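A.B. asks: Need coordinates for the below:
(one chain, ligands or ions: 1)
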Amino acid sequence: MKPCEVTVFGAGYVGLVTGACLADMGHRVEVLDVDRSKLETLAAGEVPFHEPGLADVIGRGVASGNLRFGHPDGLESCGEFVVVAVGTPPTTGGAADLRFVRSVVDLVAKRAAPGAVVIMKSTVPPGTGASLSETLSPVGVEYTSNPEFLREGSAVRDWFKADRIVLGGPEAAVERVAALYEGIDAPIVRCGIASAELIKYASNAFLATKISFANEIARLCDRLDADVDLVMHGVGLDPRIGPAFLKAGIGYGGSCFPKDTKALDYLSSLNGYDFHLLKAVIDVNKRMRLLPIMTLKDVLGDLRGKQIAVAGLTFKPNTDDIREAPALEIIDTLVADGAQVRGYDPVGVVDAGSSSFEQAATLAEAVRGANAVVIATEWPEIAHADWRELAAAMDEPRLVFDGRNCVDGDAVRAGGGNYVGVGRR
Ligand code: NAD
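C.D. replies: Okay, here's the model as predicted:
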């Protein structure tokens, strides 16, 4: 493999992992970010967020001289490959906000030499690549769409052991990007730019659909005296369905599924298509978020003055990412209803901006004396805690609402607690 010069825009979960992994493969990489505090953290040899294994890869890259960091203001010229991995957050209407992507592409059009190839890793709606190509083509820069599928919490592993590499764009540019990834043993899907862009949205929408489907079955289980964990286990053993993403709970969160499902719905409407199924998926997810509050009100009545613990604040385990985490909405609603809320998370930090919320240093501290606990993230430390002891340390009515079906209900009951799961008998 020939070492290539690569410029990466964005030192977030996708950009930093991509830059570090490319450097680990022998490429010479500069990762640029506008966030100076992130750059300072990186300069101090630390990783600005929690991602298992990333510190080692970055350390190797920096030590070898293959990996550098900088601010786009100091950029004089780009490498032959330019990876774009900046955020595409949702606008209030649900569309993807492409401001950051556009500002990067404008800069690249000024700094990149003819023949350079842009690799778009940010999730952008179909049609974006065609529009951005209009800025890049006149200066001889090629555009490729290369959506990213890594998962926070296992990002480094996912990057090196990708299940597929999707490459959309002109044939010659696509082949150059494929050569950049030489060494990664994954099938390459070569297609047009719009198809590549849509593969990303369709993948996330399908995964969200599986989750909402499992949650609909869970609600039915509650009414039929059936157990959703067993039902979905039985369903998932069918290889045509598969076991992944069939876990019932308080719904999906994070920086991707909520925004990408909304953006796809928006894009569909914009193109004259009413995507019924996707709307239902989004709606089911919203309703699942309300379930813990409804259950708490059923059991505790008025929540004013009640002590509630929220166990797990991140949108899933093994990350410190709290973007669109169900816990945030739950905390906000509880605080608005007058409850005193104590949160706990092994790595995530929440600033709820209210004196009615505090973050405890340990799970035991959060739970002690609480009238109810909402388990919002299935961190192993939370799932495998001694729930008999924790329930015993709570105050009446000792309700444990397990929003992730990860705790042994019998242990809670043995400690004198009331256990309620999602679709669990
Ligand atoms: P992030 O918020 O963690 O990181 C984005 C970074 O871009 C930030 O550090 C920000 O400061 C930086 N940035 C903004 N404008 C910039 C500019 N002009 N120049 C340089 N840097 C700039 O975002 P993320 O989670 O890494 O996601 C990035 C993109 O990848 C999004 O489109 C997202 O949907 C997509 N994606 C994310 C994941 C994931 O698991 N996080 C997975 C697949 C795809």
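A.B. asks: Can you read off the pLDDT for the residue nearest to the spatial centre of the chain?
C.D. replies: Geometric centre of the chain, nearest residue: Gly254, 4.0 Å, by Cα atoms, centre = their mean. With respect to pLDDT, Gly254 has a value of 96.
A.B. asks: Please renumber the chain so that the first residue is 742 from this point on.
C.D. replies: With 742 as the first residue, the last one maps to Gly995.
A.B. asks: need the contact list for it.
C.D. replies: Gly995 sits next to Glu893, Phe1056, Lys1057, Asp1062, Arg1064, Glu1065, Ala1066 when contact means Cβ atoms under 8 Å, 6 or more residues apart in numbering. To be clear about C-beta, it is placed using only N, CA and C from the backbone, and glycine gets the same treatment.
A.B. asks: can we see that at 10 Å?
C.D. replies: 892-893, 945, 1001, 1055-1057, 1060, 1062-1067 (Cβ atoms under 10 Å, 6 or more residues apart in numbering).
A.B. asks: same check, this time on Val824
C.D. replies: By Cβ under 10 Å, 6+ apart, Val824 lies in contact with 747-751, 755-756, 759-760, 763, 770, 772, 845, 858-863, 887, 889, 918, 921.
A.B. asks: just those that are near the ligand?
C.D. replies: Phe750, Gly751, Val755, Gly756, Val845, Lys862, Ser863, Glu889 (Cβ under 6 Å from any ligand atom).
A.B. asks: Can I get these in JSON lines including pLDDT and distance to Leu1041?
C.D. replies: Formatted as JSON lines, the ones next to the ligand among the contacts of Val824 follow (pLDDT from 0 to 100; distance: Cβ to Cβ, whole Å):
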{"residue": "Phe750", "pLDDT": "98", "distance to Leu1041": "48"}
{"residue": "Gly751", "pLDDT": "98", "distance to Leu1041": "44"}
{"residue": "Val755", "pLDDT": "98", "distance to Leu1041": "41"}
{"residue": "Gly756", "pLDDT": "98", "distance to Leu1041": "44"}
{"residue": "Val845", "pLDDT": "98", "distance to Leu1041": "49"}
{"residue": "Lys862", "pLDDT": "98", "distance to Leu1041": "46"}
{"residue": "Ser863", "pLDDT": "98", "distance to Leu1041": "43"}
{"residue": "Glu889", "pLDDT": "98", "distance to Leu1041": "43"}
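A.B. asks: Next, give me the two most distant ones among those residues.
C.D. replies: Maximum pairwise distance in the ones next to the ligand among the contacts of Val824, criterion Cβ to Cβ, is 15.4 Å, between Val845 and Glu889.
A.B. asks: ok but Arg809 is inside a strand, no?
C.D. replies: Yes - secondary structure of Arg809 (DSSP: H, G, I helix; E, B strand; the rest coil): part of a strand.
A.B. asks: count of residues packed around it?
C.D. replies: By the measure other Cβ atoms under 10 Å, the count of residues near Arg809 is 15.
A.B. asks: Would you agree Val823 falls within a strand?
C.D. replies: Yes - counting by three-state DSSP, Val823 is located in a strand.
A.B. asks: Tell me who's in contact with it.
C.D. replies: Val823 sits next to 746-750, 773, 845-846, 848-849, 852-853, 857-861, 877, 882-884 when contact means Cβ under 10 Å, 6+ apart.
A.B. asks: repeat that for 8 Å
C.D. replies: For Val823, the contact set (Cβ under 8 Å, 6+ apart) comprises Val747, Thr748, Val749, Phe750, Val849, Ala853, Ala857, Val858, Val859, Ile860, Val882.
A.B. asks: on that earlier part again, sort out for me which of the contacts of Gly995 are in helices.
C.D. replies: Asn945, Asp1001, Pro1067 (DSSP state H).
A.B. asks: Can I get these in JSON lines including pLDDT, neighbour count and distance to the ligand?
C.D. replies: Formatted as JSON lines, the ones in helices among the contacts of Gly995 follow (pLDDT from 0 to 100; neighbours: other Cβ atoms under 10 Å; distance: Cβ to the nearest ligand atom, whole Å):
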{"residue": "Asn945", "pLDDT": "98", "neighbour count": "23", "distance to the ligand": "8"}
{"residue": "Asp1001", "pLDDT": "97", "neighbour count": "24", "distance to the ligand": "7"}
{"residue": "Pro1067", "pLDDT": "97", "neighbour count": "29", "distance to the ligand": "17"}
